[in-house]
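S.K.: Output the structure for:
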Amino acid sequence: MPEPATPADPPSVADSVAIDASADVVWRLISDVTRMPQWSPELIRARWLGPVQQAKVGARFRGTNRHKVFRWSTSCQVTAAELGTRFAYRVTSLGLPVSEWTFTIRPSAGGCELTEGTVDRRGLIMKTFGPAATGVADRAEHNRAGITATLAAVKAAAEREAATAQT
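M.R.: Residues are numbered from 1 along each chain as shown. Alright, predicted model coming up:
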């Protein structure tokens, strides 16, 4: 199993968005993997596995993804769960490394900034056969579009939640 991403491993793809909501509101949303299908254009289901059913280091979950007619599942393990600041997990498929996903939250004036990034951990086998199994030829560009869409959807949900809490 590869080591988790470190600050020395820059994301293969990343983007950020300013959100008019507290870091705690945003963290609560992005760390509840069962809700992530509401915002992700590729993830259609996520469910916790085992006795730990929340964002804690070591917790595991299964993600089911879809792109066009292709559908596949991955195994994920939480590698960081720092309340209000960071949530990250490692993805494998068929026991092979796929990626690391990280959500970093930084407080800012009026809310926070959310950065979503991924480090591609696929080896030659996954890079060679992955496109046939997922229908995604350019994984970096596909992830870039997915991150942009996910960030916009999380922003909208967090700002709705923050506005509701204020009324």
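S.K.: Tell me where this protein has helices.
M.R.: In the chain, helices defined by DSSP state H lie at 23-30, 124-134, 139-166, listed in chain order.
S.K.: Now tabulate the ones you listed in TSV and tack on mean neighbour count.
M.R.: No exception for glycine: its C-beta is placed from N, CA and C like everyone else's. Formatted as TSV, the helices of the chain follow (neighbours: other Cβ atoms under 10 Å):
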stretch	mean neighbour count
helix 23-30	21
helix 124-134	13
helix 139-166	16
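S.K.: quick one: the residue lying closest to R144 once chain neighbours are set aside from F70, how far?
M.R.: Spatial nearest neighbour of R144, excluding adjacent residues (Cβ to Cβ, 6 or more residues apart in numbering): V13 at 4.9 Å. According to Cβ to Cβ, to the nearest Å, V13 and F70 sit 20 Å apart.
S.K.: Mind checking which of these two has more residues around it?
M.R.: Between V13 and F70, V13 has the larger neighbour count (other Cβ atoms under 10 Å), namely 20 against 13.
S.K.: That one contacts H142, correct?
M.R.: No: assessed by Cβ atoms under 8 Å, V13 is found out of contact with H142, at 9.1 Å.
S.K.: Would you state the strands of this protein in chain order?
M.R.: 13-19, 43-49, 60-67, 70-82, 86-93, 96-108, 111-120 (DSSP state E).
S.K.: Find me the pLDDT at K127, would you?
M.R.: Looking at K127, its pLDDT reads 82.
S.K.: Any figure for the gap between it and G146?
M.R.: Here K127 is placed at a distance of 18 Å from G146 (Cβ to Cβ).
S.K.: Contacts only, for the residue nearest to R144.
M.R.: Listed by Cβ atoms under 8 Å, 6 or more residues apart in numbering, the contact set of V13 reads 117-118, 140, 143-144, 147.
S.K.: Quick check: the farthest pair among those?
M.R.: Greatest spacing in the contacts of V13, by Cβ to Cβ: G117 and A140 (11.7 Å).
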